[in-house]
Structures are given as structure tokens and as C-alpha cells.
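>>> sequence plus predicted model, see below.
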Amino acid sequence: MKRLILGLLLLLSTQVVHAQEVEPKLATQAIYMELGGPGLPYSFNYDFRFDKTKIDSWGMRVGFGGYAVDGDSFFSLPVMVNKLYGKGNHFFEMGFGATFLAFNNQNYYYESCYYDGNGNYVCDSYSESGYTSFILDIDNSPSIMGVMNFGYRRVPTDGGFMWKINLNPIFNTNGFWPLFAGVGLGYAF
């Protein structure tokens, strides 16, 4: 009788151990810093999948970037929808979206230049703060620039260090630039 009870307990304990096995957690979210890319000079981003059970699904990224130097300032807010295609840790990333821009700059344009009576070369200047340029001319602030995304993303299955490299064509009312790129480093969880 003792052997039968001991055998049943041993059998039940192995079943409990099997019930506690957990599938690896998928890294369907990421935070990363990107140089170039949709945030233009740089951006800090949060990326997530709409379906938390599949990493190779549709998702979204939202970020912010900018700078302020010597009276000039620039702010960008990239918002994109993207899809990952692949298996394991290697994915092709494709997406589209918009980057919202705001800036304040002190671009000086020279209206006329001449030599004064003392022989000094003098230029009369005026400031036009409603214009800037980043790859493409941007007419006013705030503004919107369209962005596309084609690239490679490496994401560990259960989370950790991730990286990505992308080609990011950008466009607005002043043109299209197909060869803008970005590189991102961050943490997937």
C-alpha cells in the first residue's frame, strides 16, 4: 500500500512540473534610439505590436526628437504603422506614416551687399523664421513630412538588445528624397 501511494505521489509530482512549463515570452514591444530615420536628425521611440502574441504582425511606433541650439530649435514627432515579416530573430520591417515638425530658426538672408565709404564690405540682412531645410525644404512651422520605412530588424525572441537599419524615403510638398536612412539601437521586451 505504501508503494502504491508513493508511486501515485511521484506520478502527480511529474504532472505538476509539466503544468508549470511556460512558453517563452515574445518580445512584442521595444524602446530604442534612432539616428536618422523618421525622426529626422534623431529620435527616441516606443514600438509595439497590435497582436501581443505574434511578433511578425502589424504594429505602431511613436517617438520624439529635436534640439535647441543658439536660438534655433527643432522638434519632431514620428508616428508610423509598420509590419514585421520573418522568423526567429530576423525580420524585414515595412511601414509608412508621418513626422510632425515644429521649428524656430534664425535664418538670415542678405538683401544687398556693397562697399561702404571706408572700403568695408557690408551686407544688409533680414531674418525669415518661417522657413528651414532638412534634406527637403520645409515651408512653415508646424509642418508634416510623409515617411516610409524599409529595413532589417533583429529582435531577440525573449527580449533584450535589439537593433535595426532602415531606408526611409521622405516626402512633402517640396519633393521626394528616396535615400534617407536610419539606424536604431534599443531594448525589446
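Okay, I see it. Keep in mind it's a predicted model, so treat the numbers as computed, not measured.
>>> make it CA atoms for all contacts and neighbour counts henceforth
OK.
>>> what sits up against stretch 57-77?
Outside stretch 57-77, the residues that touch it by Cα atoms under 8 Å, 6 or more residues apart in numbering are 39-51, 78-85, 99-106.
>>> buried sites along it?
Using 16 or more other Cα atoms under 10 Å as the burial criterion, the residues of stretch 57-77 that qualify are 57-66, 74-77.
>>> pull the most distant pair out of these.
Put simply, by Cα to Cα the two of the buried residues of stretch 57-77 set farthest apart are S57 and F74, 32.7 Å from each other.
>>> circling back: now the contacts of stretch 57-77: which count as buried?
The neighbour-count criterion (16+ other Cα under 10 Å) marks 39-49, 78-84, 99-106 among the contacts of stretch 57-77 as buried.
>>> the spatially most central residue of the chain sits in which helix or strand?
Nearest to the centroid of the C-alpha atoms of the chain, with distances taken as Cα atoms, centre = their mean, sits N45, at 5.0 Å. Counting by DSSP states H and E, the element that carries N45 is strand 42-49.
>>> neighbouring strands of that strand in the sheet, and parallel or not?
Taking DSSP bridges as the criterion, strand 42-49 sits next to strand 29-36 (antiparallel), strand 58-69 (antiparallel) in its sheet.
>>> so how far is that strand off the chain centroid?
In terms of Cα atoms, centre = their mean, to the nearest Å, the gap separating the centre of strand 42-49 from the centre of its chain is 5 Å.
>>> likewise stretch 85-99?
Here stretch 85-99 is found 12 Å from its chain centre; the criterion is Cα atoms, centre = their mean.
>>> so where is this structure shaky, pLDDT-wise?
Counting by pLDDT under 70, the ranges of the chain that qualify are 1-2, 4-25, 105-112, 123-134.
>>> all the strands of it, in order from the start?
Remark: strands assigned in the chain by DSSP state E are 29-36, 42-49, 58-69, 72-87, 90-104, 108-115, 121-127, 132-134, 136-138, 143-154, 160-167, 170-172, 175-177, 181-188.
>>> CA atoms only: put the last one into CSV for me.
Extracted as CSV, the C-alpha positions of strand 181-188 are listed here (Å, rounded to 0.1, in the frame of the first residue of the first chain):
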residue,chain,number,x,y,z
ALA,A,181,18.3,56.2,-43.8
GLY,A,182,18.3,55.4,-40.1
VAL,A,183,20.0,53.2,-37.5
GLY,A,184,18.3,52.2,-34.2
LEU,A,185,19.6,50.6,-31.0
GLY,A,186,17.4,49.7,-28.0
TYR,A,187,15.8,47.1,-25.8
ALA,A,188,12.9,44.7,-26.7
